[in-house]
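1. Okay, structure incoming, though there's no sequence with it:
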């Protein structure tokens, strides 16, 4: 089942005997766990019927014994196992997975890794449990996810604003949701979120951000690029060097992909390089300004300056100076 299917069932009051939540993206795991912890039992029943265990402190047998208890003056027991990735001999859970207690809701958080799908435990869970493999979003999935998240809360999102949020917040869903929730509380329901609103409420400058820097580089506008870099240097906390470097890396990789896309229409190119069709012209324009050889050199430069920023080669220049030097080399 997908996260949406699981969460929809929970909101309808449909609970299953075992939830095995695994994978690299903790946001979906925490969201399901928190909902069950908050809603599966009334407050007055939680004292005796809801338990939280930690994988590093217990063995699989402890989970089995705890989950097989009968509820006290309640319809169900809720057992939540956090940090299950630290559990020794997790395969021993196979005996419970093969025959779970009907009156227990067992939630197992197995973060940052996944079970081997050839093991007996995984096969038993697939048969008798709800298994979620929570995967990190790819870069091209973040903007649609943000748009959908805001749409569910009755907000619309300007395309440029979407790009600003994506470039600034990266792929950390917990960070993204935290910023979007704060933004939602600051503006009237039904609002269209624009770059100006983002600048006023989140602090991302509508004129000085990674998207505008990419635009300046697309047209080899050194003056505009330097103004943005100077702003970044004065506001390093809001514009970390590593985030700028990462944004530029993915931008130029996609520009290089345009050269090899072998597509004729903008929509075909957008599909091949996995970008929003609204922005595909930016990548096409950049591909006309930068040759394949130049792009390969730029990608090499980005890696070189990433190492320099970490002190490799005894480089002592600050991040602002490194970025100015890098941008000069890219344009020239």
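-> Yep, that arrived. Computed from a predicted structure; not experimentally measured. Numbering: from 1, shown residues only.

2. now the strand ranked longest in the chain: mean pLDDT?
-> Using DSSP state E to assign secondary structure, the strand with the most residues in the chain is strand 104-111. Summarised as a single mean, pLDDT over strand 104-111 is 98.

3. again with stretch 26-39
-> What stretch 26-39 shows for mean pLDDT is 97.

4. What residues sit buried inside it?
-> 26-33, 36 (16 or more other CB atoms under 10 Å). In short, each C-beta sits where N, CA and C put it, glycine included.

5. just so I have it, where are all the strands in the stretch 151-300 of the chain?
-> Using DSSP state E, counting those that start in this stretch, the strands assigned to the stretch 151-300 of the chain run over residues 156-157, 192-193.

6. Using the three-state scheme, assign residue 149.
-> State at residue 149, reduced to three classes by DSSP: H, G, I helix; E, B strand; the rest coil: helix.

7. Test my guess that it contacts residue 173.
-> No - between residue 149 and residue 173 there is no contact, the gap being 9.2 Å when judged by CB atoms under 8 Å.

8. between these two, who's got more neighbours?
-> residue 173 (23 against 17; other CB atoms under 10 Å).

9. nearest spatial neighbour of the more buried one, skipping sequence neighbours?
-> On the basis of CB to CB, 6 or more residues apart in numbering, the spatially nearest residue to residue 173 that is not a chain neighbour turns out to be residue 27, at 3.7 Å.

10. Surely the one you found touches residue 177?
-> Yes - Residue 27 is within contact range of residue 177, at 6.8 Å (criterion: CB under 8 Å).

11. which SSE is residue 81 in?
-> Remark: residue 81 resides in strand 77-82, with elements defined by DSSP states H and E.

12. What mean pLDDT does that strand get?
-> pLDDT averaged over strand 77-82 equals 98, rounded to a whole number.

13. still on that earlier bit, reformat the buried residues of stretch 26-39 as a markdown table; add secondary structure.
-> What follows is the buried residues of stretch 26-39, written out as a markdown table (three-state DSSP):
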| residue | secondary structure |
| --- | --- |
| 26 | helix |
| 27 | helix |
| 28 | helix |
| 29 | helix |
| 30 | helix |
| 31 | helix |
| 32 | helix |
| 33 | helix |
| 36 | helix |
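
14. closest to residue 298 among the residues you listed?
-> Ranked by distance to residue 298 (CB to CB), these are led by residue 27 at 32.6 Å.

15. Now do the same contact list for the closest one.
-> Contacts for residue 27 were tallied using CB atoms under 8 Å, 6 or more residues apart in numbering; they are 134, 173-174, 177.

16. Just the closest of these to residue 145, please.
-> Checking the contacts of residue 27 against residue 145 by CB to CB gives residue 173 as the nearest, at 7.7 Å.

17. shouldn't that closest one be in contact with residue 141?
-> No - contact criterion CB under 8 Å: residue 173 and residue 141 do not qualify, at 10.5 Å.

18. What residues sit buried inside stretch 232-242?
-> By neighbour count on 16+ other CB under 10 Å, the buried set for stretch 232-242 is 232-233, 238-239, 241.

19. What of stretch 193-213?
-> By neighbour count on 16+ other CB under 10 Å, the buried set for stretch 193-213 is 193-195, 197-199, 201-202, 204-206, 208-213.

20. so what does the least confident helix or strand in the chain by mean pLDDT touch, helix or strand wise?
-> When the helices and strands of the chain are scored by mean pLDDT, DSSP states H and E, helix 159-169 comes last with a mean of 87. The elements that helix 159-169 packs onto, with contact taken as 3 or more CB pairs under 8 Å, 6 or more residues apart in numbering; DSSP states H and E, are helix 139-152, helix 173-186, helix 195-201, helix 210-218, helix 241-260.
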